[in-house]
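Q: Structure for the following, please:
(chains A and B)
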2 protein chains.
Amino acid sequence: MVSIAILGFGVVGSGVAGVLTKNREQIDAAAGDAVRLKYIVDVRDFPDSPFAPLLTKDFSVVERDPDVRVVVETIGGCGVALEFTRRAILAGKHVVTSNKALVAAHGRELLELARLHNVNYFFEASVGGGIPVLRPLKFDLAGNQIICIRGILNGTTNYILTAMREEKLSLEEALRSAQSKGYAEANPTDDLNGMDAARKLAILSDLAWGREVRAEEIAREGIQNVSLKDVECAARLGGKLKLICEAKLLPEGGMTAFVAPQVVMPDSMLYAVDDAFNAVLITGNAVGDVMFYGTGAGSVPTASAVVGDVLDAVRHMGKRRDISWSGDPAVLSDPMAVSGRWFVRRGDVAAIADERPAVLAEEDAACYRVLEK
Amino acid sequence: MVSIAILGFGVVGSGVAGVLTKNREQIDAAAGDAVRLKYIVDVRDFPDSPFAPLLTKDFSVVERDPDVRVVVETIGGCGVALEFTRRAILAGKHVVTSNKALVAAHGRELLELARLHNVNYFFEASVGGGIPVLRPLKFDLAGNQIICIRGILNGTTNYILTAMREEKLSLEEALRSAQSKGYAEANPTDDLNGMDAARKLAILSDLAWGREVRAEEIAREGIQNVSLKDVECAARLGGKLKLICEAKLLPEGGMTAFVAPQVVMPDSMLYAVDDAFNAVLITGNAVGDVMFYGTGAGSVPTASAVVGDVLDAVRHMGKRRDISWSGDPAVLSDPMAVSGRWFVRRGDVAAIADERPAVLAEEDAACYRVLEK
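A: Residues are numbered from 1 along each chain as shown, chains lettered A, B, ... in the order given. The predicted structure is shown next:
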């Protein structure tokens, strides 16, 4: 029997507890062993939860229990999550997380610590929720030179932009709709300004090119200034405005990475990715374009990826998967220097141009890149 | 250094040789060792190939060379490919293949033989060409009960149906176009009658549900009888006719699997999968819908999956990945008993109906299932 502990009984943590319980039979079969949830660590009380008997406020109980071989960190952020992750690894436990902020900021350090202690640090759920993408990128596509990664990696903004287009809502109205449906948090700042997407793009880039890409250094434009008029003018030209993460090798050498609203035309597979769905389109020099699509957030879908990682850890007890990247920082070229087509709106008139206008003097004007096919 | 041999220097085999050469640097980095092609076995001569010095007609050279740790079988079919695969496994070599006919017919037996000899038998490239799908299904989604698999798994028929719709070609004209572009072989029987797709669906079903599904037992309707009028009438109702592979658990217990042309409406992610592209939409009870999309055939894309498998074998020398399924045959229910909506065409008039008509008395008539969202 392999015992598991979950740190943080929030949206994802409770989803993991639920999936481990509901799918126990096939999880045990896939693990080749009984996988049992032994502790849930949270500072809050959940007296009405069926998991109440497993709850503890004291992480050191988990830390000291040699039965616990895998720790699931779903606390979020870089405070106590970082401390507990370090302590779990030092205690010789595998750690699985959905915490993109922690992986983007401290992933390399934690992978190195895991290597020294011969355990795994897995984070498939940190990018694209339940969609398998990091393991396929790192392993299945390992025979490729990765040329380009383009993705819709933030479900909140994709829901908002879809609602603006389909229901003719303002940004503020669409945000309220997203909040009422649970697709946006009370404080959606990191979603709207592209920071959440930039963290996920940093993790993908780290794995694809083997050098540290810092989320803070990714050129970033959020959707805060996207107007209903922008969305409607893009629609009249046949396109959809979407918050796109893009990182790629440049023909002249080097690479660039940026997060920005782009106009997506129907010739792209990302055109059909609406509502809160996520997708990642990866271009390799052998495989061409491959796309991974699914629910990029939410309790149970994200738990699917966490449990997949738990099973990988359980099946490889005592062994390590080589997932790491160099501490050399990647040098990112200015994306504004990358050529491409641009959507330019002046008042109610919009067109696609081959170059970015030098200035947009008008007050009521906007300019977005058109996603390359 | 790890030495590799390729059996069969055809479309896929030459692609593998090319990718191993072109991407040598990142392949060695991913393997943590130098991966070198030592032999190519083929009965034909290729005097002008840059790989000519590696060619041999004698498989026993490979079989007896202890340097060769991984054998890539890209011969195709179930004759000599089966014999050489058995002999390579018996000689203690890992085997990687793109041969769906062999995996569908003898996969379980070869996996069992590999288990006994502590080597791996990998076949990611047998389904969906370069698209990572088998490993994500078996490992990343292992925490899910798989409910449904729907896919476009034959690029030839998807190209033909796309060409009929977009260029108003007859089936025969579209087939000739596919042949002239290299998307269809001289003898396209197994593509047109759905057998190639059924083999891939059998492999996916084996892995998803752990029981042997025989390709021959999958209910199967090809595209031979699809007319331009069918395609045009479907288009007028907003749909696209596509050859769909579908396998799913039934609410009343048991499962069904079938290959048939279905009308795909724009609310499905499979709607946008045109030309020779492939996609697999997998529904899990935790993750919901996830889709894997890309180039489902071709020399270099398929080589990407083969090389990914080679790297998995090289990184796990002496270890085994547990990929297997029970010899108990899955009992497949009659798909005709599964409810759903139907596209019914009588002459030039078509409509979507809630039930399949008991009889289609008219000579100029057709009936296809509408793909469920």
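
Q: low-confidence ranges in chain A?
A: Within chain A, no stretch has pLDDT under 70.

Q: Now do the helices in it.
A: Assigned by DSSP state H, the helices in chain A fall at A:11-22, A:24-31, A:59-64, A:80-90, A:100-116, A:134-135, A:155-167, A:171-180, A:189-192, A:195-209, A:228-236, A:299-315.

Q: In contact with A:S304: list those residues for me.
A: Applying CB atoms under 8 Å, 6 or more residues apart in numbering or on different chains to A:S304 gives the contacts A:V19, A:G130, B:L141, B:G143, B:N144, B:G284, B:A286, B:V287. No exception for glycine: its C-beta is placed from N, CA and C like everyone else's.

Q: quick one: which two of those are the most distant?
A: Greatest spacing in the contacts of A:S304, by CB to CB: A:V19 and B:L141 (11.4 Å).

Q: any idea which residue sits dead centre in chain A?
A: The residue lying closest to the centre of chain A (CA atoms, centre = their mean) is A:V127, at 2.6 Å.

Q: what's the neighbour count on the residue nearest to that one when sequence neighbours are not counted?
A: Leaving aside its sequence neighbours, A:V127 sits nearest to A:K200 (CB to CB, 6 or more residues apart in numbering or on different chains; 4.5 Å). Residues lying near A:K200 (other CB atoms under 10 Å in any protein chain shown) number 26.

Q: for A:A52, same thing?
A: A:A52 - counted by other CB under 10 Å - has 11 other residues nearby.

Q: Isn't it up against A:F46?
A: Yes: using CB atoms under 8 Å, A:A52 is in contact with A:F46, at 5.7 Å.

Q: on that earlier part again, now the buried members of the contacts of A:S304.
A: Using 16 or more other CB atoms under 10 Å in any protein chain shown as the burial test, the contacts of A:S304 include A:V19, A:G130, B:L141, B:G143, B:N144, B:G284, B:A286, B:V287 as buried.

Q: Switch the residues you listed over to a markdown table; also include distance to A:N120.
A: Converted to a markdown table, these look like this (distance: CB to CB, whole Å):
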| residue | distance to A:N120 |
| --- | --- |
| A:V19 | 20 |
| A:G130 | 20 |
| B:L141 | 19 |
| B:G143 | 16 |
| B:N144 | 21 |
| B:G284 | 23 |
| B:A286 | 21 |
| B:V287 | 21 |
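
Q: how much space is there between the residue in the stretch 101-250 of chain A positioned nearest to chain B and B:V96?
A: Residue of the stretch 101-250 of chain A nearest chain B, by CB to the nearest CB: A:G143 (2.9 Å). Applying CB to CB, to the nearest Å, the value for A:G143 to B:V96 is 11 Å.

Q: Give me the common contacts of these two.
A: Going by CB under 8 Å, 6+ apart, residues that sit against A:G143 and also against B:V96 are B:V306, B:V310.

Q: and the residue nearest to A:V127, what is it in contact with?
A: For A:K200, the contact set (CB under 8 Å, 6+ apart) comprises A:K100, A:A104, A:S126, A:V127, A:G128, A:G151, A:L153, A:N154, A:C245.

Q: A:K100 is in contact with the third one, correct?
A: Yes: with the criterion set as CB under 8 Å, A:S126 and A:K100 qualify as a contacting pair; they are 4.0 Å apart.

Q: Give the buried residues for stretch A:9-28.
A: A:9, A:11-20, A:22-23, A:26-28.

Q: Which residue is the nearest non-sequential neighbour of A:N158?
A: A:I152 (5.3 Å).

Q: which residues sit against stretch A:330-337?
A: A:205, A:209, A:211-213, A:217-219, A:246, A:250, A:254-258, A:260, A:356.

Q: try 7 Å
A: A:205, A:209, A:211-213, A:217, A:219, A:250, A:254-258 (CB atoms under 7 Å, 6 or more residues apart in numbering or on different chains).

Q: sorry, back to before: also near chain B: which of the buried residues of stretch A:9-28, exactly?
A: Subset of the buried residues of stretch A:9-28 in contact with chain B: A:V19, A:N23, A:Q26, A:I27, counting by CB under 7 Å from any CB of the partner chain.

Q: Contacts only, for the first one.
A: So the one you mean is A:V19. A:V300, A:A303, A:S304, A:V307, B:G143, B:A286.

Q: re the thing from before, between the helices of chain A, which one is closest to A:W325.
A: With CB to CB as the yardstick, what comes closest out of these is helix A:195-209 (4.6 Å).

Q: Between helix A:155-167 and the closest one, find me the angle.
A: Inter-element angle recorded for helix A:195-209 and helix A:155-167: 120 degrees (by axes from the mean of the first three to the mean of the last three CA atoms, to 10 degrees).

Q: quick one: helix A:195-209 to helix B:24-31, angle?
A: Using the same axes, to 10 degrees: helix A:195-209 against helix B:24-31 is 100 degrees.

Q: In contact with the closest residue to A:L137 other than its chain neighbours, which residues?
A: Using CB to CB, 6+ apart and skipping residues adjacent in sequence, the residue nearest A:L137 is A:L207, 5.7 Å away. For A:L207, the contact set (CB under 7 Å, 6+ apart) comprises A:L134, A:L137, A:K138, A:W325.

Q: residues near the closest residue to A:F343 other than its chain neighbours, how many?
A: Distances taken as CB to CB, 6+ apart place A:V263 nearest to A:F343, at 4.3 Å, with adjacent residues excluded. For A:V263, the tally of surrounding residues (other CB under 10 Å) stands at 25.

Q: can you check A:E173 too?
A: A:E173, neighbours per other CB under 10 Å, totals 15.

Q: still on that earlier bit, ok, so of the buried ones among the contacts of A:S304, who is nearest A:E167?
A: For the buried ones among the contacts of A:S304, the nearest to A:E167 is A:G130 (26.4 Å; CB to CB).

Q: isn't that closest one right next to A:S299, touching?
A: No: counting by CB atoms under 7 Å, A:G130 does not reach A:S299; the two are 10.2 Å apart.

Q: Let me see the contact set for A:E246.
A: A:R150, A:F258.

Q: Give me the distance between A:M291 and chain B.
A: Per CB to the nearest CB, to the nearest Å, A:M291 is found 4 Å from chain B.

Q: so what's that residue closest to, chain neighbours aside?
A: B:Y293 (4.1 Å).

Q: and the one you found, bridged to which residues?
A: A:M291, B:A279 (DSSP bridges).

Q: Make sure it is actually in contact with A:M269.
A: Yes: proximity of B:Y293 to A:M269 meets the contact threshold set by CB under 7 Å, at 6.2 Å.

Q: Please consider this matter closed, and thank you.
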